[in-house]
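Visitor: can't give you the sequence, but here's the structure:
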């Protein structure tokens, strides 16, 4: 099923690119493709996603000379060094499903795909109402990827404001998305935080502008010293004592970051 969907969308992308190169307007492209056999047998969202892919190709190569499958493969095909099946495989693109927030279903983010990270899979909603579970081969060591995918699924199920795009070929399933921008924290106008980072000490000060031009006053300040953590041990980087020192340094820096957040709430400074 996926191979057939890829074949149909790949043909549509090639046709859409040629129509754009011939001068068909973007707003007329959908109706043009729907009126041709190339626009039949595909989900509407797959057609729109293929049009987006063709438009991006046209933006980079408006001259209309893109060789789908590669120029070297085209030469090999012309010289008989490549079979018809190999040429078709070279021209086959990954199935491309553009993300869309606020989509129908239990999740928002993509019309044709549902995340099920707890079971290490994604569910593709194929033609004729059939669902296909595609297993994700996540390594036990990829905790960061698993956590990020879990956070993405939670956001798609709650806020439903993060569209994610999916590309599927015979080797991999690629999910891409952009995290929403973080809302800037509230602050007091004219108040900034100054930091002084050194190998063995960390100094901070909250300063605000005074009423007179060029004047300022220090609202709060502090100094943290950790000379032992910055001292060189003279040991190999994989030595247990060197590793322990690195872990200790990271732990102390994490505590300083928490303190910095506390200063933000109590003094109301703006980063500057």
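Guide: Yep, that arrived. Since the model is a prediction, treat every value here as computed from it, not as a measurement.

Visitor: the residue lying farthest from the centre of the chain and residue 218, how far apart?
Guide: Most distant from the centre of the chain: residue 212, at 46.9 Å, with distances by CA atoms, centre = their mean. Relative to residue 218, residue 212 is positioned 15 Å away (CB to CB, to the nearest Å). Bear in mind the C-beta positions are built from the backbone N, C-alpha and C, glycine included.

Visitor: same check, this time on residue 42
Guide: On the measure of CB to CB, residue 42 and residue 218 end up 65 Å apart.

Visitor: surely residue 117 touches residue 147?
Guide: No: contact criterion CB atoms under 8 Å: residue 117 and residue 147 do not qualify, at 9.4 Å.

Visitor: who has more neighbours out of the two?
Guide: Higher neighbour count among residue 117 and residue 147: residue 117, with 19 against 11, using other CB atoms under 10 Å.

Visitor: quick check: pLDDT value at the nearest residue to residue 220 once chain neighbours are set aside.
Guide: Leaving aside its chain neighbours, residue 220 sits nearest to residue 206 (4.6 Å; criterion: CB to CB, 6 or more residues apart in numbering). Residue 206 carries a pLDDT score of 84 in this model.

Visitor: over to residue 43?
Guide: Reported pLDDT for residue 43: 91.

Visitor: go on, residue 249?
Guide: The model reports residue 249 with a pLDDT of 81.

Visitor: elements contacting the strand or helix carrying it?
Guide: If you go by DSSP states H and E, residue 249 is part of helix 240-267. With contacts taken as 3 or more CB pairs under 8 Å, 6 or more residues apart in numbering; DSSP states H and E, helix 240-267 sits against strand 191-197, strand 201-209, strand 216-225, helix 227-230.

Visitor: tell me the mean pLDDT over the last one?
Guide: The predicted model gives helix 227-230 an average pLDDT of 76.

Visitor: buried residues, it. List them.
Guide: Neighbour-count burial for helix 227-230, counted by 16 or more other CB atoms under 10 Å, picks out residue 229.

Visitor: that one - contacts with which helices or strands?
Guide: helix 240-267.

Visitor: next, the angle from the helix it packs on to strand 201-209.
Guide: With axes from the mean of the first three to the mean of the last three CA atoms, to 10 degrees as the basis, helix 240-267 and strand 201-209 are set at 20 degrees to each other.

Visitor: low-confidence regions, the chain specifically.
Guide: Where the chain drops to pLDDT under 70, the residues are 140-141, 184-186, 260-272.

Visitor: and it, split by domain according to the record?
Guide: Following automatic domain parsing, the chain resolves into domains at 2-91, 99-177, 191-271.

Visitor: so which of those comes closest to residue 183?
Guide: When the domains of the chain are compared by CB to CB, domain 99-177 sits nearest residue 183, at 12.7 Å.

Visitor: brilliant, that's me finished.
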